[in-house]
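Novice: next input, structure requested:
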Amino acid sequence: MVRIRSSQKLFTAEEVANLTGICLEHLLVLARTKNLGFLSKAAEVAGTQVERWLFTNSDLMILTVLHPRCQH
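Specialist: A predicted model of the protein is given here:
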């Protein structure tokens, strides 16, 4: 079971990895293959574009059902 604040609408890939126990590598592969989450382009201070995966509450619940915690 994953517990989250009801006010939080979006989660970064790092937050999802910590909440679900799925390693970041497996999480990103699963997100790409199952079309979960979305890429956001964030502008950094230096003016470069950085891609960041964001997930919704429903994406988080689907991930917990689809993939067990990583043991490595």
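Novice: helix or strand right after the least confident helix or strand in the chain by mean pLDDT?
Specialist: When each helix and strand of the chain is scored by mean pLDDT, DSSP states H and E, strand 38-43 comes last, with a mean of 74. Next in sequence after strand 38-43, counting helices and strands by DSSP states H and E, comes strand 49-56.
Novice: partner strands of that next one, parallel or antiparallel?
Specialist: strand 10-12 (antiparallel), strand 38-43 (antiparallel) (DSSP bridges).
Novice: hmm, who's touching the helix or strand following the first one?
Specialist: Downstream of strand 10-12, the first helix or strand assigned by DSSP H and E is helix 13-20. Judged by Cβ atoms under 8 Å, 6 or more residues apart in numbering, the contacts made with helix 13-20 from elsewhere in the structure are 2, 4, 11, 22-24, 27-28, 31, 37, 52-55, 59-60, 63-64, 67, 69. C-beta coordinates here come from the backbone N, C-alpha and C atoms, glycine included.
Novice: did I read that right, Arg3 in a helix?
Specialist: No - per DSSP: H, G, I helix; E, B strand; the rest coil, Arg3 lies outside any helix segment and is coil.
Novice: from His72, how far out is it?
Specialist: 24 Å (Cβ to Cβ, to the nearest Å).
Novice: need the residue closest to the centroid of the chain.
Specialist: Among the residues of the chain, Ala13 comes closest to the average C-alpha position under Cα atoms, centre = their mean, at 3.3 Å.
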